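A.B. asks: Model the structure of this input:
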Amino acid sequence: MAGHGITEVNDATFEQEVLKSNEPVLVDFWAAWCGPCRALAPIVDEVATAYEGKLKVMKMDVDRNASTPARYGIRGIPALLLFKGGKVAEQIVGYVPKETIDKSVAKVLAATVA
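C.D. replies: Below you'll find the predicted structure:
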C-alpha cells in the first residue's frame, strides 16, 4: 500500500529508518481494514511527493507490527507521527485534510532550518 516515495517500515527497521534518520520522518500508522486509513493514503502520497528530499514518509501496518505502535501509544488509526531527531515532534490522529498535515510538516521543517 506504500506509494511513490513512501517506504514500509516495521518493528525491526523502525529505529534505523526513523529514529536515526538525519531528516524528519512522517510515519503513517495504518491497517488494511481501516477505511479512514485508505481515505488518507492519497493525501499521504501527495505529502510524500510535495516534500521529497526534505521529509521521509513511511507507513507502518499496525496489524503486522505491535511493539512500535504500543511504544508510541497508538490507539486510534490512522495516526501520523512526525519524528525529528529521534523524537515525536507532531502527532495527528484520524482522517484530516492535507492542509492540516502540511501545517505540521511546515512547523517541523521550519524548526529544522532554525
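A.B. asks: Surely V105 and Y51 touch.
C.D. replies: Yes - the criterion here is CB atoms under 8 Å, and V105 meets it with Y51 at 6.0 Å. Where C-beta positions appear, they are placed from N, C-alpha and C, glycine not excepted.
A.B. asks: Sort out which residues of the helix or strand encompassing E90 are buried, please.
C.D. replies: Taking DSSP states H and E as the criterion, the element that holds E90 is strand 87-93. Neighbour-count burial for strand 87-93 flags A89, E90, I92 (criterion: 16 or more other CB atoms under 10 Å).
A.B. asks: Of these, which is the nearest to I6?
C.D. replies: I6 lies nearest to I92 out of those, by CB to CB, at 16.2 Å.
A.B. asks: For the closest one, list each beta-bridge partner.
C.D. replies: Beta-bridge pairing for I92 (DSSP bridges): L80.
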